[in-house]
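Asks: My questions concern the predicted model and sequence given below.
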Amino acid sequence: MKLFQIRGGIHPDYRKEQTSEKPIVAMPLPAALYIPLQQHIGAPAEALVAEGDLVKKGQMIARSQGAVSAPQHAPTSGRIAAVAEIPAPHPSGLPQLTIILEPDGKDEWTVLPSPIADPFTVAAQAIHARVAESGIVGMGGAAFPSAVKLTLGTQKKLDTLLLNGAECEPYLTCDDRVMREYTEEVIDGARIMAHALGAPKIIIGIEQNKPQAIAIMTKAVASIAGVEVVAVPVQYPMGSERHLVQALTGRETPARKLTADLGVVVHNVATARAVHHAVRFGRPLLSRVVTVSGGAIRDPRNVEVTIGTKVSDLVEFCGGFAVRPERLVNGGPMMGQPLPSLDVPVVKGMSGILALTAEEINDSPTNPCIRCGTCVTICPCGLSPVEMSSFIRKDNLEIAAKLGVMDCVSCGSCSWVCPSHIPLVHYFNYAKGMLNDQDRERRKNDRVKTLVEARTIRIEKAAEAKKAALAAKKTAAATESIPAAPAPTAEEKVNA
Amino acid sequence: MLMAIGSLTAMGVTLGTILGAAAKFLAVEENPLEEELKALLPGSQCGQCGYVGCAQAAVALAKGEAPVTVCPPGGKAVIEALAKKLGVTADLSEHEEKGPEHAFIIEDLCIGCTRCLRECTTDSILGANKLMHTVILDTCHACSKCVAVCPTEAIVMQPINVTLGTWHWSKPESGQHLH
């Protein structure tokens, strides 16, 4: 298959060998599970249980609210200890409503929705509904509700489902291991998703630094028509959906458009596996594979971990820390977010937990920009990081927006490459947050204006109606008090 | 016949010319600046500036009678926008930036008098006579007019806290003097 060049990008030290050759191990259930109501983009789920309730494994314990949302399920049987606010696995460390479940050790299943025996003959809507009720979200890290993405086929003409196995972030190997160990599940899930999307073709994109996964997957799809495995060049950020689509189809997604507008929908390999479980067995999303790695971890490996397990328990399962970690990261080292503490739960979109030593990170002080222009050369979105950051530094956000800061995907390549260690992507994340705030504010002001205008009109109308009613009453009183008076002439009526 | 047509045409042309000239020379001049300033103000007619509404405040701003810090709910963003439009430097020394706020009704104290309902310019208070009232937070624009009229001091202004949905990275601290 012909590959196309993508713009810019970098080649970091991948450091995947720490975990890539170790099989996935399942972690035993911890003493307590913490299931946040929001583990996805969109509206948080609404809790269906209260303290003291007994739940079975797979039972829905929080239902989705609104069009873009996802439900949560009990990962095992047990008793609800509380529905309380605990810190979220988020750089802010802000609290969020979380269901705390004490496992009873029996691991008893609830009555699951019946398996869809032949998913390729049922209507696409049945698959959408099953994926939605199973609480599946994008497992590559963005955690966008998958069912919403699967319905894109009803609005747009799609030709390809692109299964993202690029895994371009250093350290992370969970997708690699899932493809190698659960090959059939991933491919079956992908075919079900392609059917739900109405896309005739499936392309599985894997970076060339995963030769075993490429070999196993290629062999597995050899006899299936319309499914193709393509090895893509090792180039960060190849796993960004826009860039992967461009590399494989040559089509560039316009700003503020979706890849679906080009006829391509991208899903992660782990999401495909979750869809397979939901459709073939009726099982909701209760666990995921997480890469636990970094120089500070004693026994780095890939762990199949129950959603809601505390990160501290997971780290303990991997032998704890060999040395004191300098930084804890949720996700990959390039786009991952710092974790404020280990006392947060594992959620559906968590692909990795990294404990990095001082040698592994580069915390050099910021120096003046030397105008080398490397950030412009490597920006995979074709932006000018040096220019944008200098405007943002002066809080000139309007100009930064004109220069396209909202089109930045926060891949972090510019910060990585900058010889002066200027925190470029940090500036862009700040600017994007501020611009979103301003947008929200503007929308609220518009709404307030409309409401004020509506109220003014209503009050004026009410005053007029009152006046008219008063006048009518007067006329009526006048005619009643002088019964002998002649009927008012046309002129008098008008005056009244 | 010709006389009639001729005289009427002459009259029409003369009067038309006079009217046209009058429209041009006697036009009421509207200051376009007022409209532009009005667009920058929140438009919620809360009256906290001391003027009847945003349009009147805009007129005062255009004439230079009101300072750019006139609009309390607009905050720093509106002050800066007004200062930029008017080409003046904003004096922010007196200005104390309050974070976003909303009104909140302490239910135990509310007697259901409906006075606040009549004050609210965006109909953001829900309630009826002798029934408890509540504030619709999404549309409350924190003019605090309701706080002033409440006879039982049941309404307080509360800060809107940052949530996971609204949180974002703060500006990098390092390198202020660099690049």
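Replies: Sure, I can see it.

Asks: so who does residue 129 touch?
Replies: Picking chain A for this. By Cβ atoms under 8 Å, 6 or more residues apart in numbering or on different chains, the contact set of residue A:129 is residue A:147. The C-beta positions use only the backbone N, C-alpha and C, and glycine is treated the same way.

Asks: To clarify, I was referring to chain B.
Replies: Applying Cβ under 8 Å, 6+ apart to residue B:129 gives the contacts B:112, B:113, B:114.

Asks: which of the residues you listed tops the neighbour count?
Replies: residue B:113 (17 neighbours; other Cβ atoms under 10 Å in any protein chain shown).

Asks: which residue packs closest to the residue in chain B that chain A sits nearest to, ignoring adjacent ones?
Replies: Proximity of chain B to chain A (Cβ to the nearest Cβ) peaks at residue B:168, 2.2 Å away. In space, and not counting its chain neighbours, residue B:168 is closest to residue A:433: 2.2 Å by Cβ to Cβ, 6 or more residues apart in numbering or on different chains.

Asks: What helices and strands are in contact with the helix or strand harbouring that neighbour?
Replies: In this structure, residue A:433 sits in helix A:424-481 according to DSSP states H and E. The contact analysis (3 or more Cβ pairs under 8 Å, 6 or more residues apart in numbering or on different chains; DSSP states H and E) places helix A:424-481 against helix A:385-393, helix A:397-402, helix A:413-417.

Asks: any bit of the longest one sitting next to chain B?
Replies: Spelled out, that is helix A:385-393. Yes. Judged by Cβ under 8 Å from any Cβ of the partner chain, helix A:385-393 comes into contact with chain B at A:386, A:389, A:390, A:392, A:393.

Asks: Can you lay out those as TSV showing neighbour count and pLDDT?
Replies: Below are those laid out as TSV (neighbours: other Cβ atoms under 10 Å in any protein chain shown; pLDDT from 0 to 100):
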residue	neighbour count	pLDDT
A:386	20	96
A:389	28	96
A:390	17	95
A:392	25	96
A:393	19	93
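
Asks: quick one: which of those residues is nearest to residue B:160?
Replies: residue A:392 (24.6 Å; Cβ to Cβ).

Asks: For the closest one, which residues are in contact?
Replies: A:400, A:405, A:427, A:428, A:430, A:431, B:171.

Asks: what's the closest of the helices and strands packed on helix A:424-481 to residue A:355?
Replies: helix A:413-417 (19.7 Å).

Asks: Now find how far off-centre the closest one is within its chain.
Replies: Mean C-alpha position of helix A:413-417 versus that of the full chain (Cα atoms, centre = their mean, to the nearest Å) differs by 23 Å.

Asks: again with stretch A:322-340
Replies: The answer for stretch A:322-340 is 19 Å, by Cα atoms, centre = their mean.

Asks: How about stretch A:298-315?
Replies: On Cα atoms, centre = their mean, the centre of stretch A:298-315 falls 21 Å from that of its chain.

Asks: Okay, domains of chain B per the record?
Replies: Residue ranges for the domains of chain B, per automatic domain parsing: B:32-86, B:101-159.

Asks: Just to check, the residue nearest to residue B:168 is in contact with residue B:165?
Replies: No. Using Cβ atoms under 8 Å, residue A:433 is not in contact with residue B:165, being 11.3 Å away.

Asks: which of these two has more neighbours?
Replies: Neighbour tally, residue A:433 and residue B:165, criterion other Cβ under 10 Å: the higher count belongs to residue A:433, 16 against 13.

Asks: Out of the contacts of residue A:392, flag the one nearest to residue A:370.
Replies: Of the contacts of residue A:392, the one sitting nearest to residue A:370 (Cβ to Cβ) turns out to be residue A:427, at 17.2 Å.

Asks: tell me the SS of residue B:19?
Replies: At residue B:19 the chain is in helix, as set by DSSP: H, G, I helix; E, B strand; the rest coil.

Asks: That one: how many residues sit nearby?
Replies: The burial count for residue B:19: 10, using other Cβ under 10 Å.

Asks: check contacts around the single nearest residue of the stretch 351-496 of chain A relative to chain B.
Replies: Nearest residue of the stretch 351-496 of chain A to chain B: residue A:433, at 2.2 Å (Cβ to the nearest Cβ). By Cβ under 8 Å, 6+ apart, the residues touching residue A:433 are B:167, B:168, B:169.

Asks: so residue A:6 sits in a helix?
Replies: No. In this structure, residue A:6 is coil, not part of a helix, as judged by three-state DSSP.

Asks: who wins for proximity to residue A:342 among the domains of chain B?
Replies: domain B:101-159 (30.3 Å).

Asks: Which residue ranges of chain B form strands?
Replies: For chain B, the strands defined by DSSP state E cover B:101-105, B:125-126, B:134-135, B:155-159.

Asks: can you list those strands in JSON lines and add mean pLDDT and distance to residue A:96?
Replies: What follows is the strands of chain B, written out as JSON lines (pLDDT from 0 to 100; distance: least, Cβ to Cβ, whole Å):
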{"stretch": "strand B:101-105", "mean pLDDT": "91", "distance to residue A:96": "20"}
{"stretch": "strand B:125-126", "mean pLDDT": "92", "distance to residue A:96": "27"}
{"stretch": "strand B:134-135", "mean pLDDT": "94", "distance to residue A:96": "23"}
{"stretch": "strand B:155-159", "mean pLDDT": "92", "distance to residue A:96": "19"}
